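Undergrad: just to be clear, the model below is a prediction. Sequence and coordinates:
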Amino acid sequence: MSELLADEPSNPLIVSSEIVFKGKVWDIRSEVFDYDNQELTREFTDHSGAVAVLAVDDHGRALLIQQYRHPIRMRDWEIPAGLLDVDNEDPLDAAKRELEEEVDLVASEWTDIVDFYSSPGGSNELIRVYLATGLSASSKPFERVDEEAHIVKRWVALDEIVAAVLDGRLKNSILAIAVLAAHARG
């Protein structure tokens, strides 16, 4: 029998670690570490972590949101997502908050469907994606500002989203991974 395929932790000696840029949302950290008896320096986004929610209704449709993302100069289609806002925040609590804040929904059933690193060569951001079902309207609609003030919502069949991802029409990594994971799980 072959060995179980899994990422493997590694803990090189950290020689130095400092925040070289303190941002509004996340920081840039520079670390010097010993790797194979050689000191290497790497800068990376030091991220709090994030959650995303694939909200699926009783008809098998997922709720997508479209909003402006400045780094890519696009209004891309996404699923509700957000940062872990406070130290040691429970990811499920954050996911519930994000679903309510971004699309005014609550869910009665939550399933963790996939965890992934968004860009492991340049960020330590870990994203946990939940499947939310048993959806209903929130009793406390949230007032959105900035880019979130212009969110467009659309219910779309999962098969249609999978096709759009595979055709390259939808490029948001969180959306793609969430939908493909949900599709693979059946």
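TA: Received the coordinates, thanks. The structure presented is a predicted model; accordingly, all values stated were derived computationally and were not measured. Numbers count the residues shown, from 1 in each chain.

Undergrad: strands along the protein, start to end?
TA: Under the criterion DSSP state E, the chain carries strands at the ranges 14-21, 27-34, 39-46, 50-55, 61-69, 74-78, 81-83, 105-117, 126-137, 152-157.

Undergrad: out of these, which one sits most buried?
TA: Neighbour counts (mean count of other Cβ atoms under 10 Å) averaged over each of the strands of the chain peak at strand 50-55, with a mean of 26. Backbone N, C-alpha and C define where each C-beta goes, glycine included.

Undergrad: quick one, it and strand 152-157 angle?
TA: In terms of direction (axes from the mean of the first three to the mean of the last three Cα atoms, to 10 degrees), strand 50-55 departs from strand 152-157 by 60 degrees.

Undergrad: alpha carbons of strand 50-55, as PDB, please.
TA: Extracted C-alpha coordinates of strand 50-55, given in PDB (Å, rounded to 0.1, in the frame of the first residue of the first chain):
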ATOM      1  CA  ALA A  50     -10.200  33.600   5.900                       C
ATOM      2  CA  VAL A  51     -13.500  31.800   5.400                       C
ATOM      3  CA  ALA A  52     -15.800  31.400   2.500                       C
ATOM      4  CA  VAL A  53     -19.400  30.100   2.200                       C
ATOM      5  CA  LEU A  54     -20.900  28.100  -0.600                       C
ATOM      6  CA  ALA A  55     -24.600  28.800   0.100                       C
END
